[in-house]
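Trainee: structural data only, the sequence is not supplied:
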């Protein structure tokens, strides 16, 4: 079971980007798979746009993460 723990909500995008790069997935491919524009994914990964719960669910599912724990 893969569990992703995030202690700082601002780091969600950076964490998701690191996971994407670790899995050698191009941003455009990830965006397409999650039914979003590459520009939107880029803004989330750079911390410009706050991710929605919908994004978190889609990203976790796409990247093979079983559980996301957000501790504020």
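Mentor: Nice, I can see it. Since the model is a prediction, treat every value here as computed from it, not as a measurement.
Trainee: so how far is stretch 46-59 off the chain centroid?
Mentor: Counting by CA atoms, centre = their mean, to the nearest Å, stretch 46-59 is centred 6 Å from the centre of its parent chain.
Trainee: how about the helices in the chain?
Mentor: 12-22, 27-33, 38-45, 53-63 (DSSP state H).
Trainee: how about TSV for those, with mean pLDDT and mean neighbour count added?
Mentor: (Each C-beta comes from the backbone N, C-alpha and C, glycine too.) Output for the helices of the chain, formatted as TSV (pLDDT from 0 to 100; neighbours: other CB atoms under 10 Å):
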stretch	mean pLDDT	mean neighbour count
helix 12-22	89	17
helix 27-33	97	15
helix 38-45	94	17
helix 53-63	87	16
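Trainee: which residues are in contact with the residue positioned nearest the centre of the chain?
Mentor: In the chain, the residue lying closest to the centroid (CA atoms, centre = their mean) is residue 16, at 3.5 Å. If a contact means CB atoms under 8 Å, 6 or more residues apart in numbering, then residue 16 has 44, 45, 51, 59, 63 as its contacts.
Trainee: name the nearest of these relative to residue 27.
Mentor: residue 45 (7.5 Å; CB to CB).
Trainee: not counting sequence-adjacent ones, nearest residue to that closest one?
Mentor: Spatial nearest neighbour of residue 45, excluding adjacent residues (CB to CB, 6 or more residues apart in numbering): residue 17 at 4.0 Å.
Trainee: that neighbour contacts residue 47, correct?
Mentor: No. Taking CB atoms under 8 Å as the definition, residue 17 is not a contact partner of residue 47, at 9.7 Å.
Trainee: now do the nearest residue to residue 41 once chain neighbours are set aside against residue 66, distance only.
Mentor: Distance criterion CB to CB, 6+ apart; nearest residue to residue 41, sequence neighbours excluded, is residue 31 at 4.2 Å. Residue 31 is 22 Å from residue 66, where distance means CB to CB, to the nearest Å.
Trainee: cool, and residue 38?
Mentor: From residue 38 to residue 66 the distance is 26 Å (CB to CB).
Trainee: go on, residue 27?
Mentor: Taking CB to CB as the measure, residue 27 falls 23 Å from residue 66.
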